[in-house]
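Chemist: Quick one, what's the 3D model for this:
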Amino acid sequence: MPVVKLYFDRLTRLVGADRKRVLARLPYIGLDIESRESDSVRVEYSPNRPDLATDYGIAKALRGILGIQLGLPRYSTSSSGVQVRVDRKLARVRPYVACAVARGLKMDKEDVRQLISMQEDLHNGLGRKRRKVAIGLHNLDVIRPPISYESAAPTLKLTPLGGSQKIELAQILAESQTGRTYGHILAGASGYPILKDSKGLIFSFPPIINGNETKVSVTTRNLFIDVTSTDEEAGEDTLAIVCTTLADMGARIGFVLVKYGDRRRVTPDLRPRKFSLDRDLVRKVTGLAINSSEIDVCLRRSRIEPLGRVSVLAPRYRIDLLHPVDLAEEVALGYGIDRIEPAYPPSPTPGSFNSVSQLIEKFVELMTSSGLTESMGYELLDELTLYQHFGRPSNGKIEVENPRSIEHAVLRDSVLPSLMGVLSRNVKEEYPQRVFEVGRVYNREEEYVRESWHLGVLIAHAQAGYSEAKSYLDAFFRTLYGKELRTHGSSRWGFLEGRCASIEFSGGTLGHVGEITPGSIAAFGVNLPVVGFELDLTSLLERETRAEEGTTK
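Modeler: Model (predicted):
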């Protein structure tokens, strides 16, 4: 969760209330107090409320909750006289840019610090670590409009922020910290996006780094803001948050004309947005027996303006409002969460534990009481762990479309690879190691994917053999059913030929038990014998559920 540090002297001045009142209400606008010092407090805010990334946004919300300033904050823009032309060559790289001008700023060090902190929080949240959105803040007085957002060759040079000499764009990507961190965003691009003024000054290389010539400091009075993105709406949402914050700091916001060939766009758009209001839904969701006038007061405390009975106006920076239920939450916040009396919801039937979860917990307790250590593995694995290390074919695999990481790209169809990964990560720990997992696996079956629960056990030490794995398997079934199970010699990927058996119980095959192949052991870097078994628990869960239902009846 993002964190913002608030100094009491600034915050109380911005809110217009004393420290005691401010501290008392901070948790009731959706902030968690992380720590407190004599002169400041650190609070966590939800990433879906980026307008709370500075003390200006927090003070604005507090003034409403405290009844100091109610209703919709109003923002206006005027023409900045600045135009930006967009190069069509960027259509497949980073196609959109939204811009604004902020004039008349008087910033101290804390203002600059919070502005930059908000910028990074927006990068990490809405911006998806700059892949989707990236923000540039520049000293407008150095720039000579009109401005071009264009594609540049990797050999073009820029003086990066904090630098003293011009460096090629490709070199910035390869050698700078920000280049190594964010350069993957531009992988495969034939040209790199830059912002350039009419005098040829290259002052931004989004989403990597700004130019040093337009560096922002406490002496900066006028700003040029650019927000480049791969999603036009997300870019304009981000710009609206930045601009409303700058307006709260005392700046005059100027709009910019952005030209995409024949298409024109004026940014930022700070006009409030209209949402539908369902008053009956508000009462149902909140459980509050309040009339319409009370609902209106609560909304105004949340800085939202009612429009008649069925709609409201919300400030442009409230990008988190998406559904009528969101307005019910705003009413609850305006009413005061601490004033709502807790009550059990009415229900015609008593609640109960999920029967499958109870049975799984029973299996887990049985294995831990046998001296095994429980593991909880990821259901998404990499193809190397799931298939190649076991020398098994990957046909029928279930892949994630556009995975964030190759390590979490395929849904597992077995828990044994996850357990081998555990052994691999613990090769420096003491032996013997005996681990198990009760977890979900997924198998493709014609037009759908079947989800089931499996139990896997692996044992690793110098003397590990088939009989030890079989003894744990026998103990599991004897404890549950008081019966012996049957095994038959079989073949199965991952298990050594001639040292593997199928597990038969109540007329069905539940899984396999045996010794893991030396090749698989070596692939995971374990270097000691490994034995174990895996059971499909589907039929056992059904059997236990029927028994439970019979007992209940």
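
Chemist: I'd like the distance between G482 and S506.
Modeler: 13 Å (CB to CB, to the nearest Å). For every residue, glycine as well, the C-beta is placed using N, CA and C.

Chemist: again, but for T159
Modeler: T159 sits at a distance of 75 Å from S506 (criterion: CB to CB).

Chemist: The two: which has the busier surroundings?
Modeler: Ranked by neighbour count (other CB atoms under 10 Å), T159 and S506 place T159 first, with 17 against 11.

Chemist: show me what contacts the more buried one?
Modeler: Applying CB atoms under 8 Å, 6 or more residues apart in numbering, we find T159 in contact with 165-167, 211-213.

Chemist: and the residues you listed, which two are the farthest apart?
Modeler: Pairwise distances across the contacts of T159 peak at 13.5 Å for I167 and E213 (criterion: CB to CB).

Chemist: Now do stretch 75-92: distance from first to last residue.
Modeler: 34 Å (CA to CA, to the nearest Å).

Chemist: So which residues make contact with that stretch?
Modeler: For stretch 75-92, the surrounding residues in contact (CB under 8 Å, 6+ apart) are 95-97, 99-101, 103, 145-151, 189, 191, 193, 224, 226, 243-244, 247, 252-261, 268, 270, 315-316.

Chemist: Would you mind listing which of the residues you listed are buried?
Modeler: With neighbours counted by 16 or more other CB atoms under 10 Å, the contacts of stretch 75-92 contain buried members at 95-97, 99-101, 103, 145, 147-151, 191, 193, 224, 226, 243-244, 247, 252-258, 260, 268, 270, 315-316.

Chemist: tell me the domain boundaries of the protein?
Modeler: Following automatic domain parsing, one finds the domains of the chain at 3-65, 77-267, 273-338, 355-545.

Chemist: Switch these over to JSON lines; also include mean pLDDT and distance to T349.
Modeler: Formatted as JSON lines, the domains of the chain follow (pLDDT from 0 to 100; distance: least, CB to CB, whole Å):
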{"stretch": "domain 3-65", "mean pLDDT": "94", "distance to T349": "33"}
{"stretch": "domain 77-267", "mean pLDDT": "95", "distance to T349": "41"}
{"stretch": "domain 273-338", "mean pLDDT": "95", "distance to T349": "20"}
{"stretch": "domain 355-545", "mean pLDDT": "89", "distance to T349": "15"}
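
Chemist: possible to save those as CSV with distance to P348?
Modeler: Formatted as CSV, these follow (distance: least, CB to CB, whole Å):
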stretch, distance to P348
domain 3-65, 33
domain 77-267, 42
domain 273-338, 17
domain 355-545, 20
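
Chemist: Who are the contact partners of the residue positioned nearest the centre of the chain?
Modeler: Nearest to the geometric centre of the chain sits G125, at 7.4 Å (CA atoms, centre = their mean). Residues in contact with G125 (CB under 8 Å, 6+ apart) are 2, 47, 50.

Chemist: again with R301
Modeler: 64-65, 67, 70, 333-335.

Chemist: The closest residue to it other than its chain neighbours sits in which helix or strand?
Modeler: The spatial neighbour of R301 that comes closest, neighbours along the chain excluded (CB to CB, 6 or more residues apart in numbering), is G334 at 3.5 Å. Assigned by DSSP states H and E, G334 belongs to helix 324-335.

Chemist: Remind me what the very next helix or strand once past that helix packs against, helices and strands.
Modeler: Counting by DSSP H and E, the next helix or strand C-terminal to helix 324-335 is helix 355-369. Applying 3 or more CB pairs under 8 Å, 6 or more residues apart in numbering; DSSP states H and E, one finds that helix 355-369 makes contact with strand 373-374, strand 433-445, strand 448-460, helix 466-481, helix 538-552.
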